[in-house]
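A.B. asks: I need the structure of the sequence given here:
(2 chains)
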Amino acid sequence: MSTSVFAPSRLERRTQALLPWLLLAVLALLPTAGLSANIIRLFFITFVWVTSSLGWNLLGGFAGQVSFGFAVFYGLGAYTAALMIDRGVNPYLSFLAAGLIPALASVLIGLPTFRLRGPYFAIATIGVSEATRVIMNNLAITGGASGFRIMEHRPFRQVEHYYTALAVAAVAVAASVLITQSKFGMGLRAIKQDEDAAADLGVNPYSYKLAIHAVAAAFTGVAGGVFARYAAFIYPQGVFAFQTSVYILLMPVIGGIGTVWGAVLGGVVFGIVEEQLVASFPQIHLLLYGLLLILIILLEPGGLAGLLGKLFRRLRTPKRKNGNTYSGSREADEVLRRAGRG
Amino acid sequence: MTFVDFLNLLIAALLLAGTYAVMSVGMTVIYGVMKIVNLAHAGFMMMGAYFAYELYELLHIDPILAALLAFPFFFLVGIALHWLLVRWLPHSDRPTLQSLLLMFGIWLVLQNIGYLVWGNTDRSILTPRTLAIIHLGPITISTLRLVVFVAAVGCMAVLEIALSRTWFGRSVRALIQNRYAGRIVGVDDEKTARLTFGMGIAFAGVAGALLATLFSFDPDFGRPFLLRAFVIIVLGGLESVSGVALGAVILALVETFSILFVPAQYQPAISFGMLVVVLVVLPGGIASLWAKRRRLA
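C.D. replies: Model prediction:
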């Protein structure tokens, strides 16, 4: 519910529509600015996280189905790409497969688990994720506990990785925006608010959830594949780890669950904070995120994006003498937030 | 497999079931009264394990005694946590994702406090009792497991008495049956919820301390046990304490006897897979099987 309660003027709307394109142009030109390889890597990782975050947000944010199992798709994507690239298949073709196979897996997982609702679905996904990790860790094809090294017979060009990740993230943003504006997206929001009511209105919750699960899994899988090609070494306890599921869940929830830009913001913040903290204090990183999660759940369900939106609105609203600066918008916010909480 | 092997496995499974029951019952009472799926249970089990470890290392207190001491300690921790965070959650008759995510956040915080304080090396509690064995003819029983079992059964018995004989237990049962009706007849649901939450966390701490005597642990200790606890409470029908005992026995039997059919490295996948199967196939728990048959007859 990031939309402002105040109707934006036409000019504002136009600049708002332009902003993403401007951002994309800046990011596309960035590598030409002679940045260090380390900064480029930071951006690359951030794009990968943003893509996974957007993927999770499609199912968790739009349709309200919280999943603790996205490491399954991330890991499957990573291994699909890794195994294909290692056998000499074109990397971009491999990325396609890295989206397809997790999407198929998501249907297999969704068929039984979407019979469950809300927290029961969430718990079942923990089981699926953990079982997958145990199995993958023992299969010969994944390299088992010792991991899998990807031999790509091409020169390594960091900029190519950068643009791949940027393109994938941009497609994920575009797809998310298109879905929010479509009838399909409206159906998902209806399911999030009240599944039974949605079904009464002619939305089939089961097939809608299966469909968005597949799209979400595809994006997360491609993100995993792009990451695997860059890292050139993956292991099941890493990409299939419960930790990976947790990361993918935390980003959109902390950034702002259910909004496209919230999920992007969550991915960006996570990518940057992770890079800065994980090397020196890996525990503090997740400790901070745990505390942030608690605060966000209790105080600001809109996440960082919701917080920023509020700040922005407060700055823009002219202060009145009688001190009642909000005049009704707080009630409107409350109504919107309740509606969005599901 | 000889008959003696079978008996040995059976006894091992039943002894394990005792600890499993204590581990799950805390989640059941919290779910029953507050409809909160307590993911932080795993974090408190881990803390219980380190509680016993520190008491043993620093003060040389017997880990079984430490497990009993964990009850009042974690009870207070749970009440404090309820006062600080949990009571602000909106009340609901159904489990909400908000409460799930809040408890998940608490789990993350606990786990990473664990990593900060104790690091990620495996610890274990080794006492002279750890490797001792009792021989009953051809049957061998680990002394430690027997002692842990007795402690666990003791905990369950105390809980059962508390629930059936005290006013607190009566209010808990009333709220589990129907929160709304409970309030109408004058049950103080806020106070009962607070005590229940404390009790649930206390059982997590006790279970963690008991498990710590049997297995090695690190700050990620609670996760596999959390999933087992889910299997058990779903099998038991989510809200019933006697169901938990039944669920614990079933899971322990399945896990123990699956060693005969499934390679050891795939062993952990059994409880994880079982969680999904049970949730999907038997959402009403084992009892729903009987209920269904009765309806058909």
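
A.B. asks: which helix runs longest in the chain?
C.D. replies: Picked chain A for this. Longest helix of chain A, by residue count under DSSP state H: helix A:205-231.

A.B. asks: try again with chain B
C.D. replies: Per DSSP H, chain B has its longest helix at helix B:3-34.

A.B. asks: do it and chain A meet?
C.D. replies: No. Helix B:3-34 stays clear of chain A (C-beta under 8 Å from any C-beta of the partner chain), getting no nearer than 9.7 Å. For every residue, glycine as well, the C-beta is placed using N, CA and C.

A.B. asks: give the buried residues for that helix.
C.D. replies: Going by neighbour count (16 or more other C-beta atoms under 10 Å in any protein chain shown), the buried part of helix B:3-34 is B:8-9, B:11-34.

A.B. asks: the following helix or strand past that helix and chain A in contact?
C.D. replies: Where DSSP states H and E defines the elements, the next helix or strand beyond helix B:3-34 is helix B:41-59. No. Against chain A, helix B:41-59 shows no contacts by C-beta under 8 Å from any C-beta, the least distance being 9.6 Å.

A.B. asks: flag every buried residue along helix B:41-59.
C.D. replies: Result for helix B:41-59 [16+ other C-beta under 10 Å]: buried residues B:41-53, B:55-56.

A.B. asks: name the residues that touch stretch A:292-307?
C.D. replies: The contact list for stretch A:292-307 (C-beta atoms under 8 Å, 6 or more residues apart in numbering or on different chains) reads A:1-2, A:250, A:252-257, A:259, A:261-262, A:265-266, A:269, A:309-310, A:337, A:340-341, B:85, B:88-89, B:98, B:101-102, B:104-106, B:108-109.

A.B. asks: tell me the pLDDT of residue 167.
C.D. replies: If you meant another chain, say so; for now it's chain A. We have a pLDDT of 95 for A:Ala167.

A.B. asks: that's the wrong chain, I meant chain B
C.D. replies: 89.

A.B. asks: quick one: low-confidence parts of the stretch 151-300 of chain A?
C.D. replies: For the stretch 151-300 of chain A, the stretches flagged by pLDDT under 70 are A:279, A:282.

A.B. asks: just the strands in the chain please.
C.D. replies: Using chain A. In chain A, the segments counted as strands under DSSP state E are A:148-149, A:233-234.

A.B. asks: wait, I meant chain B there
C.D. replies: Here chain B has its strands, by DSSP E, at B:133-136, B:139-142.

A.B. asks: measure the nearest residue to A:Gly303 once chain neighbours are set aside to A:Lys310 for me?
C.D. replies: Nearest non-adjacent residue to A:Gly303, counting by C-beta to C-beta, 6 or more residues apart in numbering or on different chains: A:Gly256, 3.4 Å away. Distance from A:Gly256 to A:Lys310, counting by C-beta to C-beta, to the nearest Å: 11 Å.

A.B. asks: swap in B:Ser164?
C.D. replies: Going from B:Ser164 to A:Lys310 by C-beta to C-beta gives 50 Å.

A.B. asks: ok, A:Ala82 next?
C.D. replies: Using C-beta to C-beta, A:Ala82 is found at 43 Å from A:Lys310.

A.B. asks: please apply the same query to B:Gly222.
C.D. replies: Taking C-beta to C-beta, one finds B:Gly222 at 36 Å from A:Lys310.

A.B. asks: neighbour-wise, which of the two wins?
C.D. replies: Counted by other C-beta atoms under 10 Å in any protein chain shown, B:Gly222 and A:Lys310 do not tie: B:Gly222 has more neighbours, with 30 against 14.

A.B. asks: could you measure from the residue nearest to the more buried one when sequence neighbours are not counted over to chain A?
C.D. replies: Spatially, and ignoring its direct neighbours in sequence, B:Gly222 is nearest to B:Ala42 (2.9 Å; C-beta to C-beta, 6+ apart). Applying C-beta to the nearest C-beta, to the nearest Å, the value for B:Ala42 to chain A is 10 Å.
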